[in-house]
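Trainee: sharing a model prediction with you, sequence too.
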Amino acid sequence: MSINTGGIQDYVRYVYIMSLVSALAMALAVDYVLTELWIYGVADLTVLIITPVIMFMLSMLVISSITMIKQLKGSFGRMSSKAKALMITYIFFFMVALIYFTYISIMHYAGLGLVVTDYQLVGDHYLGFGLALYDAGLLTTSWQLVEDLMNGKLSSLYKFFIVGFRSHNRDNDDDDVVIIK
């Protein structure tokens, strides 16, 4: 039986994209907390703890799903009915378990109740101007990243990121791995 590994560089691309999405989610969470503090004078910091947990679990779900789909892509049609049923059951159980662990993790941290209160910041123009600049930078960065990803352009950061995972020897990561029974 042989398994196509699909190349490590594909996974590096997925990790890179999920890292960008995680960074943007965290930046949006910080923006939400600061805006809440500026408008109401009270901000709940729990979102700053829940966001990295959600992004990690989502990343694991996406990367695991892509890996399973790639592995099953070529050999699923050649499996027996029992093997197909077992594989579908396994995948279903795995996805339910990941979603359940994500839910449990979020519920665990959601009850923390970390609240910051400072009513002197309500309507403060220095904080407001800072938020306006922060939001402008966040919007510009988000737009540029989405545009680059949609047009297939690779940023210089990605090129630097991928260099560390290139193979320097004759081994090719796209080869088949042969499992001998």
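Mentor: Looks like it came in fine. Residues are numbered from 1 along each chain as shown.
Trainee: not counting its neighbours along the chain, what's nearest Met26?
Mentor: Excluding the flanking residues, the one nearest Met26 by C-beta to C-beta, 6 or more residues apart in numbering is Thr51, at 5.5 Å. Any C-beta I mention is one placed from the backbone N, CA and C, and that applies to glycine too.
Trainee: what's the burial count for that neighbour?
Mentor: 20 (other C-beta atoms under 10 Å).
Trainee: which of the helices or strands spans it?
Mentor: helix 46-75 (DSSP states H and E).
Trainee: and that helix, what does it pack onto?
Mentor: strand 2-4, helix 8-40, helix 81-110 (3 or more C-beta pairs under 8 Å, 6 or more residues apart in numbering; DSSP states H and E).
Trainee: can I get those in TSV including distance to Asp135 and mean pLDDT?
Mentor: Listed next are the helices and strands packed on helix 46-75 as TSV, based on distance: least, C-beta to C-beta, whole Å; pLDDT from 0 to 100:
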stretch	distance to Asp135	mean pLDDT
strand 2-4	44	46
helix 8-40	6	84
helix 81-110	26	85
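Trainee: closest to Thr46 out of these?
Mentor: Set against Thr46 and scored by C-beta to C-beta, those come closest in helix 81-110, at 6.2 Å.
Trainee: give me the mean pLDDT for the following helix or strand past that closest one.
Mentor: Next in sequence after helix 81-110, counting helices and strands by DSSP H and E, comes strand 115-117. Averaged over strand 115-117, pLDDT sits at 90.
Trainee: okay, now the sheet partners of strand 115-117, with direction.
Mentor: strand 42-44 (antiparallel) (DSSP bridges).
Trainee: please point out which parts of the partner strand sit buried.
Mentor: The neighbour-count check on strand 42-44 (16 or more other C-beta atoms under 10 Å) flags 43-44 as buried.
Trainee: for that strand, give the mean pLDDT please.
Mentor: 91.
Trainee: quick one: contacts of that strand?
Mentor: If you take C-beta atoms under 8 Å, 6 or more residues apart in numbering as the criterion, strand 42-44 is touched by 33-34, 36-37, 113-117, 119.
Trainee: same question, stretch 138-145
Mentor: Taking C-beta under 8 Å, 6+ apart as the rule, stretch 138-145 contacts 20, 24, 27-28, 31, 155.
Trainee: in the residues you listed, which residue is surrounded by the most others?
Mentor: Going by other C-beta under 10 Å, Leu20 tops the contacts of stretch 138-145 with 19 neighbours.
Trainee: give me the number of residues near the closest residue to it other than its chain neighbours?
Mentor: Computed as C-beta to C-beta, 6+ apart, the closest residue to Leu20 that is not its neighbour in sequence is Leu145, at 5.8 Å. Leu145 is flanked by 16 other residues according to other C-beta under 10 Å.
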